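S.K.: coords please:
(chains A and B)
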Amino acid sequence: ETGVTQSPTHLIKTRGQQVTLRCSSQSGHNTVSWYQQALGQGPQFIFQYYREEENGRGNFPPRFSGLQFPNYSSELNVNALELDDSALYLCASSLLVNRGGYNEQFFGPGTRLTVL
Amino acid sequence: AQSVSQHNHHVILSEAASLELGCNYSYGGTVNLFWYVQYPGQHLQLLLKYFSGDPLVKGIKGFEAEFIKSKFSFNLRKPSVQWSDTAEYFCAVIPEAGSYQLTFGKGTKLSVIP
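M.R.: The predicted model follows:
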């Protein structure tokens, strides 16, 4: 157990719909990173939020968006779902001292999204 | 952009056998290197990391990894595996500059037969 929780555990949507995934960071952490893990692949970085602002983004289209709240929990929103969005979505929290730094990321259990 | 290659998709070993999982990365500058493990039904967790200093890094549960800069490699080793080591193992890299984006390999599934 890492103290990072994600909801829901599983989700089934149809193509074109929108989805919101949620992540509660570990107590004392101020940074949340989101990853997409397709079947048989390693996690791919989507974006990171540090103190409520986006702090870097991977190679994902703008229909992937996020938010971080004052309590450092976070949401990942995906609009206009496509079949290829079916994956395990992981969030990881960490404590950064500054925007450009690194500290160990603690992962949640993930949300399994299936797009039909 | 950096990338990480893990050579083996699935490795099957008997208990007490030695383990070596290969990992190569492509990035010309200074990197930070990691091995993560995902046990069945559990969260992804950090096994060990290399930032600088001694290129032989020791992690949890008897695992170690060696950073060979000239080969762009960071192979994971364990002298004697146990059934409880059955898991999926991911190598990951962060470039030292702009260090927020973990780039993972595709993972190696390890099955240990009792």
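S.K.: who does A:A87 bridge with?
M.R.: In this entry, A:A87 is beta-bridged to A:L113, by DSSP bridges.
S.K.: Chain A versus B:F63, what's the distance?
M.R.: According to Cβ to the nearest Cβ, to the nearest Å, B:F63 and chain A sit 16 Å apart. C-betas here are computed from N, CA, C, even on glycine.
S.K.: again but with B:E88, I slipped
M.R.: Note on B:E88: its distance to chain A, by Cβ to the nearest Cβ, is 9 Å.
S.K.: Please list all residues in contact with that residue.
M.R.: Contacts for B:E88 were tallied using Cβ atoms under 8 Å, 6 or more residues apart in numbering or on different chains; they are B:V37, B:Q38, B:G107, B:T108, B:K109, B:L110.
S.K.: What subset of these is buried?
M.R.: When neighbours are counted using 16 or more other Cβ atoms under 10 Å in any protein chain shown, those contain these buried positions: B:V37, B:Q38, B:G107, B:T108, B:L110.
S.K.: Name the nearest of these relative to chain A.
M.R.: The nearest member of the buried ones among the contacts of B:E88 to chain A, counting by Cβ to the nearest Cβ, is B:G107 at 5.2 Å.
S.K.: hang on, the earlier thing: out of the contacts of B:E88, which are close to chain A?
M.R.: Contacts with chain A within the contacts of B:E88, as defined by Cβ under 8 Å from any Cβ of the partner chain: B:G107.
S.K.: Show me the contacts of B:E88 that map onto strands.
M.R.: Helix and strand membership here follows DSSP state E; of those, those in strands are B:V37, B:Q38, B:T108, B:K109, B:L110.
S.K.: so what's the residue nearest to the spatial centre of chain B bridging to?
M.R.: The centroid of chain B falls nearest to B:W35 when counting by Cα atoms, centre = their mean (3.4 Å). Beta bridges link B:W35 to B:L48, B:C91 when assigned by DSSP bridges.
S.K.: Please report how far it lies from A:N30.
M.R.: Using Cβ to Cβ, to the nearest Å, B:W35 is found at 25 Å from A:N30.
S.K.: Tell me which residues touch B:I60, please.
M.R.: When the contact criterion is Cβ under 8 Å, 6+ apart, the partners of B:I60 are B:L47, B:L48.
S.K.: Check it and give its pLDDT.
M.R.: At B:I60, the predicted lDDT confidence score is 92.
S.K.: Now the phi/psi pair for it, please.
M.R.: B:I60 adopts backbone torsions of phi -80, psi 160, taken as degrees, to the nearest 10.
S.K.: Kindly provide the distance from it to B:I68.
M.R.: Separation of B:I60 from B:I68 (Cβ to Cβ) stands at 22 Å.
S.K.: ok, which residues in chain A are in contact with chain B?
M.R.: With the criterion set to Cβ under 8 Å from any Cβ, chain A comes near chain B through A:1-2, A:4, A:33, A:35, A:40-45, A:48, A:50, A:55-56, A:58-59, A:90, A:92, A:100-102, A:104-109.
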